[in-house]
Every structure is written in C-alpha cells, then in structure tokens.
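[1] build me a structure from this.
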Amino acid sequence: MHLFPSRERSEAETVNYGSEERQPKKWLIVFLLVLAFVLVGAGVNAFQDFYQVVNPSNPGSGLSRMFFSSISQVMNCLNSDGTSCGNGAPSTSAIKLYVATTGNDSHVCSIGSPCLTVAHTLSLVPYNPNRPYIINVADGTYAEGLQFTGYKSMFGSTLITILGDTTTPANVVFSGNVNCQPSDGGTYTTGVCVIGAYVSLQGMTVSPTATRGLLAIDDGHVQLNQFVASGTTTYGIEVSLGSTLSMSGNVTVSGFSSQGFKQNLGSTVAQFGGTLSINAGSVGSTVGLIVQGGSHFGLHDAGTTLSITNIGASGAGIYLSANSTIDNQSGSGNTVSLTNTATPAGSIGIFAESMASYQNISGGSLTLNHWTTCLEADGNALIAAQNTTFSNCGTNTSASQQAQIITF
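    Next comes the predicted model:
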C-alpha cells in the first residue's frame with residue numbers, strides 16, 4: 001500500500017530498492033537538504049560555544065559542561081601548539097582561569113577579565129577533562145565554599161588546581177560552606193567538599209562555620225600545599241571511604257572542637273616534607289589525629305614533621321584503631337612531636353587499640369611532653385618507636401590485652 005496514488009513513470013525515473021520499485025520524493029530531498037543546512041549551522045554555533053569553554057580568553061557564554069563532557073575528551077587532547085597529543089593521552093598544557101574579588105561572573109575568567117567566584121569558574125570545566133585546569137585566585141576573602149564532584153578522567157591525574165598565595169596562605173580566604181552529599185546518604189556542611197574528584201589546593205585558608213573544614217570522600221583525591229583549615233568546625237580535615245590525601249609544604253589545622261585530622265574507612269594519607277601542624281586550642285576531649293577503619297597515614301621524605309599541640313583534658317594526640325597504621329618510612333630527619341604546655345588530666349599522647357600500629361623504626365624521632373600517659377596500647381595493638389623522648393609524663397607506657405610497646 002502506498003501513501004500517495006501511483007502514476008506512470010519512465011524507466012529513468014525508477015529507483016530500485018531490492019525487489020521493490022519506489023518513486024523518489026522531491027519534497028523529501030528538499031527537506032533533507034534544508035535539515036542538513038540547519039544542522040551544519042547549529043554545529044558551527046555549538047562548536048563556537050564549546051570553544052569558549054575550553055578557551056575562555058575569547059568571549060562567549062559556553063554550553064553545558066555535562067553535554068560536552070564526551071566531546072571534551074577529544075577537544076582537550078591538543079597540545080599547546082594545536083597538534084594532537086595522540087593515542088588518547090592528555091595534553092600537559094593547562095587551561096588557566098582567573099578569579100578576583102574585583103571580578104564578575106559575566107566575565108570570561110581570563111587574567112584581564114577575571115570572574116568573581118570559583119563556583120562559576122568551575123561551571124566552565126568539563127566533568128571529565130583530558131587536560132589540567134588551573135584556577136588562579138587573587139588575594140582577598142571569598143564568601144563561598146569549594147565543591148568538587150566527579151572531576152575525574154581515565155588517566156587518574158590531578159585535573160583541577162585552585163592556586164592562591166603559596167607564600168602567604170592567609171591572604172586568600174574562603175569563608176563559605178557547601179553541602180556535601182556522598183554515597184553514605186548523609187549531608188555534611190563543609191568548607192571544601194571533594195567527592196570522586198582529583199583536586200590540588202594550594203596557598204589558601206579555609207575558614208567556614210561548618211562541621212568540617214575539608215571533606216574528601218567516595219574516592220576523592222586531594223593534594224594540599226600551603227593550606228590552612230582554621231574555621232569553627234567539629235572536624236578540621238576528614239578523609240574517608242577510599243579517598244587519598246597527600247601533603248607537600250605546610251598544612252595547618254586549628255579551630256576544631258572534636259578531631260583535627262580524621263581518617264576512616266580505607267583512606268590513605270601521605271605527607272611528603274613540610275609540617276602538618278594540628279593545634280587543638282586546649283579544648284577538652286579532642287583528638288589531634290585519628291586513624292581508623294583500616295586507614296593508613298605515612299610520613300615520607302626526610303624533614304617531614306607532624307606536630308600536635310594543646311590537646312585538652314581527656315584528649316589524645318594520636319588515636320589509632322581497627323587495623324589502621326601510622327608509619328615513618330623516610331629514614332632520619334622526620335619528627336613527630338606531641339606537646340602540651342601543661343599536663344591535661346586524663347590525656348594520652350598516642351593510644352592504639354584493635355590491632356592498630358604506630359611504627360617509627362627508620363631513624364625518625366618521637367617527642368612526647370606533658371601527657372597523663374604518653375604511650376598506651378591494648379587489644380593486640382603495636383607501638384614501636386625509635387628515638388623516643390619522654391618529658392613530663394605521668395606514665396611513660398601502658399600496655400594491656402596482648403598489646404606491645406617498644407621504644408628504643
């Protein structure tokens with residue numbers, strides 16, 4: 001059955017599709033030509049808009065980063081000279097965006113026309129870019145939190161760097177909060193939220209009024225350099241659910257009411273040089289560093305320092321549990337210093353339980369000063385520490401339930 005009445009036609013007009021003869025429709029050909037013309041025009045416009053996303057030095061509104069995430073896998077694979085990087089490997093040339101307190105989010109985020117917020121600038125970044133992005137932040141205070149969700153590529157590298165003032169991190173301050181909603185179903189207010197993303201934070205102070213200063217969770221990957229978490233928080237920094245955090249340069253944590261630096265649920269933290277300084281401000285029942293749930297904290301590279309100070313009454317400098325470990329792997333020159341100016345009642349320098357272990361057997365040093373008990377272990381835990389110095393301890397060591405403490 002045909003939709004239109006048949007008519008006689010010449011043999012030259014006959015178009016054969018297999019065993020059936022059908023008439024070419026002139027209106028269909030015209031329609032297809034018009035459609036092709038429209039699609040080509042739309043494609044050019046779309047490419048121009050997308051080009052503004054990957055090259056924001058040119059003006060333009062840009063398109064949805066989700067819509068273009070797959071296209072960016074190809075578009076971002078270009079070297080700085082415009083040649084293809086080949087074989088799907090990412091270009092090492094970073095795209096640079098700029099933020100300043102004098103900026104405007106209607107700008108293109110270039111050095112001469114900066115944007116106002118990091119949040120807007122991140123909206124220009126594809127979810128899975130194949131080249132790094134550096135967001136340069138000028139000195140000033142920004143009333144926003146930082147949220148990174150899903151910025152990850154198949155190449156597993158750091159994709160987004162927020163670069164402030166690495167000489168004076170106090171010059172770049174983020175004072176706002178964000179709601180962090182990981183896979184555990186909770187909602188956590190935090191100054192920085194990293195979920196499943198690769199992020200580097202350098203030269204800044206995060207000072208929110210929230211439950212956490214920084215939360216890396218659900219396979220988040222964070223690098224810190226010259227970073228300060230100093231807000232009014234319950235936890236200063238938390239790393240959880242298979243996430244990793246590495247530190248190079250100095251990192252400072254203060255202003256917390258419960259735990260300064262918390263690891264949980266298979267997380268890994270590595271310190272490469274510099275000083276991690278955790279100051280509890282003499283608040284009671286606080287813990288400077290807690291490592292639990294099969295997590296690992298490692299000190300690497302000679303000259304690395306972990307300093308925990310001013311723990312309050314009934315608190316602990318370091319608490320380890322549930323098959324977690326802290327170890328000094330770098331040889332001589334590393335220092336772990338757990339020091340109070342007075343001896344808080346019921347305080348413990350290092351407490352390890354439930355098959356956890358603290359090991360410093362590679363030439364580093366451990367200093368404990370002003371604790372009710374300097375080292376305590378139970379439940380098959382192990383504390384093995386070379387070059388240990390005890391000062392003003394009510395009790396140097398206490399071990400029970402098949403735990404071991406070895407100092408030498």
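
[2] okay, now the unreliable bits of the protein?
    1-27, 30, 34, 37-92, 153-158, 330-332 (pLDDT under 70).

[3] could you list the domains of it?
    With domains defined by automatic domain parsing, the chain comprises 28-232, 255-408.

[4] just say which of those domains is most tucked in.
    Across those, averaging neighbours per residue (mean count of other Cβ atoms under 10 Å) puts domain 255-408 on top, at a mean of 20. (Glycine included, C-beta is placed from N, CA and C.)

[5] what's the end-to-end length of it?
    Start and end residues of domain 255-408 are separated by 35 Å (Cα to Cα, to the nearest Å).

[6] V291 contacts N323, correct?
    No. With contact defined as Cβ atoms under 8 Å, V291 does not reach N323; the gap is 10.2 Å.

[7] who touches both of the two?
    Taking Cβ atoms under 8 Å, 6 or more residues apart in numbering as the contact rule, V291 and N323 both touch A356.

[8] please list all residues in contact with G249.
    166, 202, 224-227, 273-274.

[9] what's near enough to touch N392?
    With Cβ under 8 Å, 6+ apart, N392 has these contacts: 343, 369-371.

[10] from those residues, which is closest to A94?
    Nearest to A94 among the contacts of N392 is N369, at 44.5 Å by Cβ to Cβ.

[11] any idea what the closest one is bridged to?
    Note on N369: beta-bridge partners T339, S391, judged by DSSP bridges.

[12] please tell me how far T305 sits from S207.
    According to Cβ to Cβ, to the nearest Å, T305 stands 23 Å off from S207.

[13] over to I162?
    For I162, the distance to S207 (Cβ to Cβ) stands at 15 Å.

[14] residue contacts, S246?
    S246 sits next to 222-224, 269-272 when contact means Cβ under 8 Å, 6+ apart.

[15] so what strands line up beside the one helix or strand it maps to?
    Per DSSP states H and E: S246 is located in strand 244-247. Paired strands of strand 244-247, with direction, are strand 221-229 (parallel), strand 268-272 (parallel) (DSSP bridges).

[16] all strands in the stretch 51-200 of the chain, in order from the N-terminus.
    Counting by DSSP state E, counting those that start in this stretch, the stretch 51-200 of the chain has these strands, from start to end: 95-99, 133-137, 140-142, 146-149, 160-163, 172-174, 178-180, 188-195, 198-206.

[17] quick one: the last one to strand 188-195, angle?
    Spelled out, it's strand 198-206. 140 degrees (axes from the mean of the first three to the mean of the last three Cα atoms, to 10 degrees).

[18] now do the strands in the stretch 301-408 of the chain.
    Counting by DSSP E, counting those that start in this stretch, the stretch 301-408 of the chain has strands at residues 305-309, 316-320, 325-328, 335-339, 348-352, 357-360, 365-377, 382-385, 388-399, 404-407.

[19] ok, back up a step: can you list the strands of the stretch 51-200 of the chain in a markdown table and add distance to C393?
    Shown next, in a markdown table, are these (distance: least, Cβ to Cβ, whole Å):
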| stretch | distance to C393 |
| --- | --- |
| strand 95-99 | 49 |
| strand 133-137 | 44 |
| strand 140-142 | 42 |
| strand 146-149 | 41 |
| strand 160-163 | 42 |
| strand 172-174 | 38 |
| strand 178-180 | 39 |
| strand 188-195 | 36 |
| strand 198-206 | 34 |
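
[20] between those strands, which one is closest to G281.
    Proximity to G281 (Cβ to Cβ) singles out strand 198-206 among the strands of the stretch 51-200 of the chain, at 16.3 Å.

[21] quick revisit: for the following helix or strand past the strand holding S246, the distance to its chain's centre please.
    Per DSSP H and E, the first helix or strand lying C-terminal to strand 244-247 is strand 251-254. Relative to the centre of its chain, strand 251-254 is centred 16 Å away, using Cα atoms, centre = their mean, to the nearest Å.

[22] next one: stretch 201-217
    10 Å.

[23] span of that stretch from start to end?
    Using Cα to Cα, the two ends of stretch 201-217 sit 16 Å apart.

[24] could you do stretch 242-257 as well?
    25 Å.

[25] go on, stretch 175-182?
    22 Å.

[26] about what we covered before: looking at the strands of the stretch 301-408 of the chain, which is closest to N264?
    Of all the strands of the stretch 301-408 of the chain, the one in closest proximity to N264, counting by Cβ to Cβ, is strand 316-320 (11.7 Å).

[27] ok and the closest one relative to strand 365-377, angle-wise?
    70 degrees.

[28] remind me what strand 316-320 packs against, helices and strands.
    When contacts are defined as 3 or more Cβ pairs under 8 Å, 6 or more residues apart in numbering; DSSP states H and E, strand 316-320 packs onto strand 287-291, strand 348-352, strand 357-360.

[29] can you give me how far that strand is from the chain middle?
    Centre-to-centre, strand 316-320 and its host chain are 24 Å apart (Cα atoms, centre = their mean).

[30] same check on stretch 193-213?
    7 Å.

[31] swap in stretch 118-131?
    Taking mean C-alpha positions (Cα atoms, centre = their mean), stretch 118-131 and its chain are 14 Å apart.

[32] one more: stretch 205-220?
    Here stretch 205-220 is found 9 Å from its chain centre; the criterion is Cα atoms, centre = their mean.

[33] do me a favour and get the end-to-end distance for it?
    This stretch, stretch 205-220, spans 20 Å end to end (Cα to Cα).

[34] before we move on, what about stretch 335-344?
    End-to-end distance for stretch 335-344: 23 Å, by Cα to Cα.

[35] what's in contact with it?
    282, 284, 288, 299, 304-315, 317-318, 328, 347, 349-350, 360, 364-372, 392, 394.

[36] N179 and T149, how far apart?
    Look at N179 and T149: by Cβ to Cβ, they are 11 Å apart.
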